[in-house]
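Asker: build me a model from this:
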Amino acid sequence: MNARICQIITDHNFTVAQYAREIGVDRLTVHRWINGKREPLILYLHRTHTLWPDVDFHWLITGEKR
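Answerer: Below is the predicted model:
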C-alpha cells in the first residue's frame with residue numbers, strides 16, 4: 001500500500017502535505033501510511049479515487065492492475 005500511495009503522490013506532483021490536505025488527513029498520517037506504520041481507511045482510498053479518477057480503485061486496494 002505504501003508504494004502505491006507514494007506513486008500517486010509522485011504521479012500527481014504533490015507533496016505529502018498537499019496530498020494529505022486534499023483527502024482530509026494530517027500529513028503525519030500520510031507519513032505513517034508511507035512508512036508502513038498504519039494502513040489508510042477505505043474512506044481515504046475512496047476519496048483518492050474520487051478526487052483523481054485516473055487512480056484505479058482496484059489497483060489502489062489490491063496492487064493488481066486489471
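Asker: now the end-to-end length of stretch 12-28.
Answerer: 19 Å (Cα to Cα, to the nearest Å).
Asker: as a whole number, average confidence for it?
Answerer: The average pLDDT within stretch 12-28 is 97.
Asker: distance between that stretch and the chain's centre?
Answerer: With Cα atoms, centre = their mean, to the nearest Å as the basis, stretch 12-28 stands 9 Å off its chain's centre.
Asker: tally of neighbours for Asn35?
Answerer: Counted by other Cβ atoms under 10 Å, the residues lying close to Asn35 total 9. Where C-beta positions appear, they are placed from N, C-alpha and C, glycine not excepted.
Asker: pretty sure it is touching Ile5, no?
Answerer: No - using Cβ atoms under 8 Å, Asn35 makes no contact with Ile5, being 10.5 Å away.
Asker: measure the residue lying closest to Glu22 once chain neighbours are set aside to Gly36 for me?
Answerer: Of all residues not flanking Glu22 in the chain, Leu51 sits nearest, at 6.0 Å (Cβ to Cβ, 6 or more residues apart in numbering). Remark: distance between Leu51 and Gly36 (Cβ to Cβ, to the nearest Å) = 23 Å.
Asker: just Thr62 next, same as before
Answerer: 17 Å.
Asker: what does Asp11 give?
Answerer: In terms of Cβ to Cβ, Asp11 sits 20 Å off from Gly36.
Asker: does Ile8 touch Trp52 like I think?
Answerer: Yes - between Ile8 and Trp52 there is a contact under Cβ under 8 Å: 7.1 Å.
Asker: what about Asp56, distance to Gly63?
Answerer: On the measure of Cβ to Cβ, Asp56 and Gly63 end up 10 Å apart.
Asker: of the two, who's got more company?
Answerer: Per other Cβ under 10 Å, whichever of Asp56 and Gly63 has more neighbours is Asp56, with 14 against 10.
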